[in-house]
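Peer 1: how would this look folded up:
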Amino acid sequence: MTDFQEKMEAALPASCLKWDEPMSLHTSFRIGGPARAMVFPTTREELAKALHLSEILDCKCAILGAGTNVLAPDEGLSGMVICLKDGLKGIERTGKTRIRVMAGTTMTQAAVYAAEQGLSGLEFAHGIPGTVGGGVYMNAGAYGGEIRDICRQVEILSPDGQFRVLTGEEMQFSYRHSILEDRGGIVVSAEFELTEKPKEEIRQTMRSLMDRRKASQPLELPSAGSAFKRPAGGYAAALIDQAGLKGFQVGGAAVSEKHAGFVVNLGGATAADVRSLLEQVSQRVYANSGIRLEPEVRIW
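Peer 2: Coordinates of the predicted model:
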């Protein structure tokens, strides 16, 4: 056992620590080599301790939610990955129309809880496969709704190891972006302001949106959702389709035949396959339309 392993195991419960854990088990692409150390904190204190350990052990640290928007490297990661999904969980109603959701809770779980409480505003999130932490971090959205529309405050663990609360305004949300991407920080929980509405109306909206997802998206294959950000002056899927790239394939990775905005793993795809595919699609769309597509997938 190395000195690094000894110090990690002395500081953290064995139940929240795994060694050489394949990233492919924790990403929706089903791609990625082993992480040297993966930590699954279940409390704010364990999260803070893991972050502190990464600093004192001079170990590079990455934060993972549900891994639904991440392309992990084939060679794995030599540092520490802190995974919040299924660990830092919980939802509570904090007011007449407010709920507080922990970062490791999935967006779908939050939407279902809100619906059960007769609270509307999270319907768009039903079916988004990521966690609330990841959704807040990148201002996730779908079908006309975004996190910034409902987020009133966010508790974060800042890079200096302090817990802080930021208002929705202080988060400086923009398209698929928040201030945390610029300044760093880990989402611990978020408080959402919703509106009262009959439960059945909310459930019907959620069913309708899920039907739309199933009809238009390749949910049967591993992917990371929308592969590219929406460019000014167009839609990524339409531009890719117009460039004749539906079905375009590199190794085991391909542009979905069902939805050109998705890159899917047909089986055995590597991170190198996906990176090459994204680069070639961007180049060919630019040559065809003059519009440069930027990946929405986070490439680690």
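
Peer 1: quick one: G252 from V264, how far?
Peer 2: Counting by Cβ to Cβ, to the nearest Å, the gap from G252 to V264 is 9 Å. For the C-beta atoms, the positions are set from N, CA and C on the backbone; glycine is no exception.

Peer 1: Per-residue pLDDT of C151, please?
Peer 2: On pLDDT, C151 comes in at 97.

Peer 1: What about the residue nearest to it when sequence neighbours are not counted, how many residues nearby?
Peer 2: Using Cβ to Cβ, 6 or more residues apart in numbering and skipping the chain neighbours, the partner closest in space to C151 is G168 (4.7 Å). Residues lying near G168 (other Cβ atoms under 10 Å) number 21.

Peer 1: just checking, G168 touches E146?
Peer 2: No: assessed by Cβ atoms under 8 Å, G168 is found out of contact with E146, at 11.2 Å.

Peer 1: shared neighbours, these two?
Peer 2: With contacts taken as Cβ atoms under 8 Å, 6 or more residues apart in numbering, G168 and E146 have no neighbour in common.

Peer 1: If you drop the residues flanking it in sequence, what lies closest to D241?
Peer 2: In this structure, D241 finds its nearest non-sequential neighbour in A260, 4.3 Å apart by Cβ to Cβ, 6+ apart.

Peer 1: What is the burial count for R183?
Peer 2: R183: 11 neighbours (other Cβ under 10 Å).

Peer 1: before we move on, what about D211?
Peer 2: 11.

Peer 1: do the same with S24
Peer 2: Neighbour number of S24 under other Cβ under 10 Å is 19.

Peer 1: now do the one 10 residues further on
Peer 2: Here the number of neighbours of P34 (other Cβ under 10 Å) works out to 20.

Peer 1: do R93 as well
Peer 2: Burial of R93 is recorded as 14 neighbouring residues (other Cβ under 10 Å).

Peer 1: re the thing from before, from S15, how far off is the residue nearest to C151?
Peer 2: Counting by Cβ to Cβ, the gap from G168 to S15 is 35 Å.
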